[in-house]
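# A structural model of the following input is requested.
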Amino acid sequence: MTPTVVLTPHARLKLQTLDPEEARRVVETVARIAQDPASPALRRLAERPDTFVCRVGGLQVVLEFDGSKVLVLTLYSQQEIHEYRA
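So this is what the prediction gives:
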């Protein structure tokens, strides 16, 4: 059974702001990860063991697996990460 990919409202908004090519890459990557949750592209977050991050170009996509669903929590650009850490 193929897992269902669900985007939070925040993730949907962020996806809509991307250029079409970048948005397509994010969607394709998340679909591949939904098929193979053991993908080496995923990195588990230490402070949230049910939450994973994968990199798609200059973006980081934050995901959670919930049974037959893959929940896309948000997307961050490298610039946003640097601004947050500053």
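# element containing the most centrally placed residue in the chain?
Nearest residue to the geometric centre of the chain (C-alpha atoms, centre = their mean): residue 61, 2.6 Å. Element membership for residue 61 (DSSP states H and E) is strand 59-66.
# Starting from that strand, tell me which strands it pairs with and how they run.
According to DSSP bridges, strand 59-66 has the following sheet partners: strand 51-56 (antiparallel), strand 69-77 (antiparallel).
# Let me have those strands in a markdown table, extended by distance to residue 22, mean pLDDT and mean neighbour count.
Any C-beta I mention is one placed from the backbone N, CA and C, and that applies to glycine too. Output for these, formatted as a markdown table (distance: least, C-beta to C-beta, whole Å; pLDDT from 0 to 100; neighbours: other C-beta atoms under 10 Å):
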| stretch | distance to residue 22 | mean pLDDT | mean neighbour count |
| --- | --- | --- | --- |
| strand 51-56 | 8 | 93 | 17 |
| strand 69-77 | 10 | 89 | 18 |
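# pLDDT at residue 24, what is it?
Residue 24 is assigned a predicted lDDT (pLDDT) of 96.
# cool, residue 82 as well?
So, for residue 82, pLDDT stands at 52.
# And the one 3 residues further on, by the same measure?
The confidence metric pLDDT takes the value 54 at residue 85.
# What count of nearby residues applies to residue 45?
13 (other C-beta atoms under 10 Å).
# what sits against it?
Applying C-beta atoms under 8 Å, 6 or more residues apart in numbering, we find residue 45 in contact with 51-53, 62.
# can you redo these as CSV with distance to residue 10?
Shown next, in CSV, are the contacts of residue 45 (distance: C-beta to C-beta, whole Å):
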residue, distance to residue 10
51, 14
52, 17
53, 15
62, 10
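# Go through those and name the one nearest residue 33.
residue 52 (8.3 Å; C-beta to C-beta).
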